[in-house]
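*Asks:* The following comprises the amino acid sequence and a computationally predicted model.
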Amino acid sequence: MRKNLLIFPILIISLILNLYGIKWGLPDKEHPHPSFHPDETESVKSSLAILDPNRLLYPSPTALGNGSMQFYLVAIIYKLGSIFGFLTSTPTTYFELRDFYLAGRLLTVIMSAIMIYLVFQISKIIFGTPTALLAALFLTSAPGLVVSSHYFRSEVPAAFWIVLAFFFAVKIVQTKKTKYYFLCALAIGFATSTKYNSIFSILFLLAAHIMALKKKKVSVKTYIFNKKLIISLMIIVGTFFIGSIGSLIYFTEFKQRLIKQLEYQKGVFEPAAGLGPSWFGYFLYVLPYSMSLPLLLLSVFSFLFAWIKRLRWDILFIVWIIAYYILMSSSTWWVVRYTIPLLPPLAILSARLISNFSKRQSLRYLFLIIGLLIAMTSLSYSLILDSIMAAKDPRIAAYDWIDENIVAGSRIGIDLNPAAFYIPADEKKYNVTIMNIAENKLREIDYYIANDQFYQQYLRAPNLFPVENRYFNRILFSQEFKKVAKFENAIQLFGIKLPKACRGYTPADYFYFLPTITILKRVEVDSLR
C-alpha cells in the first residue's frame, strides 16, 4: 500500500516538468504576436469558432481534417471562463488571446498527468507495483511528452484516450465483464474524434476480445458475431460523432477536409527530404529526441524481450507498437509529437525488462540502478528543454536588439514559412521585405534576419535544393553579408553546448522553441546598388 503512494511524487514531478515554461511563445504587451507554435493559433481559432452563434459547433476546417474533440472540450472551458469573468468574451488582439492559449495548454497538462497515472495502473495490474512505478517514471521523464504537454495540440490528449482504451482492454482480459467492452469502445471513439489516426486503438478491443474468449473449439463466427463486440463497435461510431459533432452537422465539409488531409500526409516535406524512408527516419532521427538515447536503446531491448517471450500481455503491447509505428511511418512529416502514442507501451515494457529480467537479487538491484539512471538522464534532458522554453525566446531577443540598434526606416529582409512566420522587427518602424528566396532582392536590403527554422534543410541537402542552397550560402557565408548579432538558447549541460541536430537533422517541432536567429548586415551597400 505504501509503495502505491509513490505514484503521487511522480505525478507531482510530471506537473512541475509540464508547467515549467508553460508560457513559452505566448504574446505579451510589448510583443503582441501569435503563439510561436504555428498550430496553436489554429487550435484557439477552432475552439472560439465552435462558440460562434452564426455557425454553432463548427470548428475550423483544419480541425475537421484532423479531429476536433479537444477543441470542443476547450470551447467549454472558454465559455465557462467568459461567464465567470476569467476570459475576455470577444478577444480582438493577440495579447487578449494569451489566456485562451493557456487554457488549452493547461488541459493538455492535466490529461498528460492522468495518462501517466493510467500507465501506472495498467502496469500494476500486469506486472506489479514496482514495475508500475518505474514505468510511470520513464513516461514522466520522456522529453517528447514533456515538450508536447506544453502545447494546445491534439497529440497528448489523443494519447490519453488511447491509454484509457488500453486500460479498459486489459480489464476485459482480466474480468471479461461487459462494461469494460463498452468503456473501451467509448475511449476509442473519443480518441478517434480527437485525432483520426487513433482509430488504430480499435485493435485493443479486438485483441482483448479474442484473448477473453480464447477457448478450445470456439468458431470464428462466435468471435465475430458476439453481441458485446457488435454493440461496442456501434458505441465507437456513436462516440466519435458525439466527440466531434461538427463532423456530423457539417458532413460534406468534413469529408472534403479529410480527403485533403490524407492527400497532404502523402506529400513530401522538405525538412526530411533525402533522409530515407520514414520507418527508418523516425527511429534514427526523431525517437532519440522523444525518449533520449538511453531510454530508446532500453526500449528496443524491451521490445525484443517481449517479442521473444510473447506472453499473454506481451501480445497486446506488440500489437500496439507495431500498428502505430506503421501508421506513424506512413507520413513523411517527421515530428516528435507524432511519437507520443508510442511512449506509454515502450515505458511499460522497459520497466518490465528492468524489473523482471533476472531473478537473482543482486542483479535485480543492478538493473534497478541502471533503470533509475536512464530515467534521470531523460529527466535531466527534459529539464534542459524546459529551461529553454522558460528563457527569453531568441525571436523576442532579436526584436529588442533590432529596435535598439538598427536605424528606423532600414530595409530588412526575411524569409518565412508556416513554422517560422514571426517577423522579429517592428513593421511600422522598418521597411520589411518578404524575400521569397529571390536573389535579385538581396541588393535591395540593408539587413537580413536568418532563421534556421527555415533554411536548415536547404543547407543540409544542396543536391535537392540547389537554388535555395546557393541563396542561403550567399547570405550566411559570402563576404556580401556580415553577422552583427546572433540569438539562440543552446542546449547546454554543465556549460557544455550539446548539438542541436542528430546526424544533421532536428525534428521540425523542436525548432519551434530552439531557433537560431542571426542578424546580418549587407556590406558596402552603396557600391553594390
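*Replies:* That came in fine, so what should we check first?
*Asks:* so where's the stretch 101-250 of the chain uncertain?
*Replies:* 214-223 (pLDDT under 70).
*Asks:* Also the stretch 401-529 of the chain?
*Replies:* Scanning the stretch 401-529 of the chain for pLDDT under 70 picks out the ranges 494, 503, 524-529.
*Asks:* And the strands in it, which stretches?
*Replies:* Per DSSP state E, counting those that start in this stretch, the stretch 401-529 of the chain has strands spanning 411-414, 431-434, 447-451, 481-487, 492-493, 496-497, 517-522. These are given in chain order.
*Asks:* Pick the most buried one from the ones you listed.
*Replies:* Of all these, strand 447-451 has the most neighbours on average by mean count of other C-beta atoms under 10 Å, namely a mean of 24. Where C-beta positions appear, they are placed from N, C-alpha and C, glycine not excepted.
*Asks:* wait, Phe182 sits on Ile235?
*Replies:* Yes - using C-beta atoms under 8 Å, Phe182 makes contact with Ile235 at a distance of 5.8 Å.
*Asks:* Tell me which of these two has more neighbours.
*Replies:* The residue with more neighbours, out of Phe182 and Ile235, is Ile235; 21 against 17, by other C-beta atoms under 10 Å.
*Asks:* wait, what's in contact with that one?
*Replies:* For Ile235, the contacting residues are 182, 185-186, 189, by C-beta atoms under 8 Å, 6 or more residues apart in numbering.
*Asks:* Go through the strands of the stretch 401-529 of the chain and name the closest to Pro143.
*Replies:* Closest approach to Pro143 among the strands of the stretch 401-529 of the chain is made by strand 492-493 (13.2 Å; C-beta to C-beta).
*Asks:* Which strands and helices lie in contact with the closest one?
*Replies:* On a contact count with 3 or more C-beta pairs under 8 Å, 6 or more residues apart in numbering; DSSP states H and E, strand 492-493 meets helix 361-390.
*Asks:* Quick one: the strands in the stretch 101-250 of the chain, in order.
*Replies:* Under DSSP E, counting those that start in this stretch, the stretch 101-250 of the chain gives no strands.
*Asks:* and Lys483, what is it in contact with?
*Replies:* 518-520.
*Asks:* make it 6 Å
*Replies:* Counting by C-beta atoms under 6 Å, 6 or more residues apart in numbering, Lys483 touches 518, 520.
*Asks:* Residues in a beta bridge with it, which ones?
*Replies:* Beta bridges link Lys483 to Leu520 when assigned by DSSP bridges.
*Asks:* if I look at it, how far off is Lys45?
*Replies:* Lys483 sits 37 Å away from Lys45, taking C-beta to C-beta, to the nearest Å as the criterion.
*Asks:* Save the strands of the stretch 401-529 of the chain as TSV, and put in distance to Ile321 too.
*Replies:* Converted to TSV, the strands of the stretch 401-529 of the chain look like this (distance: least, C-beta to C-beta, whole Å):
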stretch	distance to Ile321
strand 411-414	42
strand 431-434	44
strand 447-451	36
strand 481-487	40
strand 492-493	30
strand 496-497	34
strand 517-522	38
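*Asks:* Next, count neighbours for Ile13.
*Replies:* Neighbourhood size, Ile13 [other C-beta under 10 Å]: 18.
*Asks:* ugh, wrong one, Tyr325
*Replies:* Tyr325 has 18 neighbours, counted by other C-beta under 10 Å.
*Asks:* and the strand or helix carrying Leu316, which residues are buried?
*Replies:* According to DSSP states H and E, Leu316 maps onto helix 312-329. Across helix 312-329, burial judged by 16 or more other C-beta atoms under 10 Å covers 313-321, 323-325, 328-329.
*Asks:* Next secondary structure after that helix?
*Replies:* For helix 312-329, the following helix or strand on the C-terminal side (DSSP H and E) is helix 343-356.
*Asks:* mind checking how far Pro130 is from Val484?
*Replies:* Distance, Pro130 to Val484, by C-beta to C-beta: 57 Å.
*Asks:* Could you do Phe240 as well?
*Replies:* According to C-beta to C-beta, Phe240 and Val484 sit 54 Å apart.
*Asks:* do the same with Asn405
*Replies:* In terms of C-beta to C-beta, Asn405 sits 8 Å off from Val484.
*Asks:* go on, Arg395?
*Replies:* Distance, Arg395 to Val484, using C-beta to C-beta: 17 Å.
*Asks:* so how far is Leu73 from the closest residue to Lys3 other than its chain neighbours?
*Replies:* Among residues not flanking Lys3 along the chain, Thr129 sits closest, at 4.7 Å (C-beta to C-beta, 6 or more residues apart in numbering). Going from Thr129 to Leu73 by C-beta to C-beta gives 32 Å.
*Asks:* Over to Ser141?
*Replies:* Remark: distance between Ser141 and Leu73 (C-beta to C-beta) = 27 Å.
*Asks:* which of the two has more neighbours?
*Replies:* A count of neighbours by other C-beta under 10 Å puts Ser141 above the other of Ser141 and Leu73, at 27 against 18.
*Asks:* need the contact list for the more buried one.
*Replies:* Under the criterion of C-beta under 6 Å, 6+ apart, the contact list for Ser141 reads 375, 378-379, 382.
*Asks:* Tabulate those residues in JSON lines, adding columns for pLDDT.
*Replies:* JSON lines is the format used below for the contacts of Ser141 (pLDDT from 0 to 100):
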{"residue": "Ala375", "pLDDT": "96"}
{"residue": "Ser378", "pLDDT": "96"}
{"residue": "Leu379", "pLDDT": "96"}
{"residue": "Ser382", "pLDDT": "95"}
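*Asks:* Nearest to Pro34 among those residues?
*Replies:* Closest approach between the contacts of Ser141 and Pro34, by C-beta to C-beta: Ser382, at 25.7 Å.
*Asks:* Excluding sequence neighbours, find me the nearest residue to that closest one.
*Replies:* Val146 (4.2 Å).
*Asks:* now the contacts of Ile235 in TSV, with distance to Ile114?
*Replies:* Below are the contacts of Ile235 laid out as TSV (distance: C-beta to C-beta, whole Å):
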residue	distance to Ile114
Phe182	20
Ala185	19
Leu186	16
Gly189	18
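*Asks:* Among those residues, which one has the most neighbours?
*Replies:* Counting by other C-beta under 10 Å, top hit in the contacts of Ile235: Gly189 with 30 neighbours.
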